[in-house]
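Asks: no sequence on hand, only this structure:
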């Protein structure tokens with residue numbers, strides 16, 4: 001899905017508003033292994049991934065905990081840091097070569113002047129982001145490991161062919177061995 005279609009569908013932007021927004025994005029590429037958001041940064045942009053896969057993770061007691069795997073047609077940033085100018089807590093790493101479109105916070109803020117009813121459109125979009133997080137949290141606390149695996153596979157099964165399984169296991173709150181056992185059991 002192109003950025004223009006995504007903006008029109010997720011933010012209900014008109015064609016003219018979409019053009020204004022698209023002009024604020026800059027193409028950027030990352031190599032596999034590149035870190036493009038990390039906790040030592042002061043300001044972070046928002047990325048729209050057009051190709052490739054990224055991993056969002058944090059260190060906990062010296063261990064990397066994967067929070068999310070970003071794939072094409074997703075926006076990517078540390079949302080709390082972006083919205084509230086809070087310290088960045090997530091690291092984002094390219095798992096494959098990545099092509100993205102990047103918008104700075106200052107350019108993003110221009111949209112409130114250039115797009116009609118921007119605050120309402122943004123509120124709905126961010127509400128959708130939080131809705132997705134709530135759904136994921138609820139699944140995490142209400143489903144057992146096998147049920148979490150099945151729900152993940154049904155929604156994002158293509159990731160098993162794209163990223164190392166250890167990151168998927170971490171994201172699901174299980175060991176790689178448990179994930180392997182569940183995959184064998186459900187085949």
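Replies: Looks like it came in fine. Computed from a predicted model, the values in this text were never measured in an experiment.
Asks: switch to C-alpha atoms for all contacts and neighbour counts from now on
Replies: Will do.
Asks: show me what the longest helix seen in the chain is packed against.
Replies: The longest helix of the chain (DSSP state H) is helix 118-142. In this structure, helix 118-142 packs against helix 3-11, helix 105-114, with contacts taken as 3 or more Cα pairs under 8 Å, 6 or more residues apart in numbering; DSSP states H and E.
Asks: right, and the ones you listed - which one's nearest residue 151?
Replies: Checking the helices and strands packed on helix 118-142 against residue 151 by Cα to Cα gives helix 3-11 as the closest, at 23.6 Å.
Asks: just how off-centre is that closest one within its chain?
Replies: Computed by Cα atoms, centre = their mean, to the nearest Å, the chain-centroid distance of helix 3-11 equals 16 Å.
Asks: tell me the mean pLDDT over that helix?
Replies: Average pLDDT, helix 3-11: 85.
Asks: contact partners of stretch 76-88?
Replies: With Cα atoms under 8 Å, 6 or more residues apart in numbering as the test, stretch 76-88 has contacts from 37-42, 44-49, 70, 89-90, 105.
Asks: stretch 135-151 now?
Replies: Stretch 135-151 is contacted from outside by 172, 173, 174, 179, 182, using Cα under 8 Å, 6+ apart.
Asks: swap the cut-off to 7 Å and go again
Replies: With contact meaning Cα atoms under 7 Å, 6 or more residues apart in numbering, stretch 135-151 is reached by 172, 182.
Asks: buried subset of the contacts of stretch 76-88 as a ChimeraX selection?
Replies: Listed next is the ChimeraX selection for buried residues among those, using 16 or more other Cα atoms under 10 Å:
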select :37,38,39,44,45,46,47,48,49,70,89,90
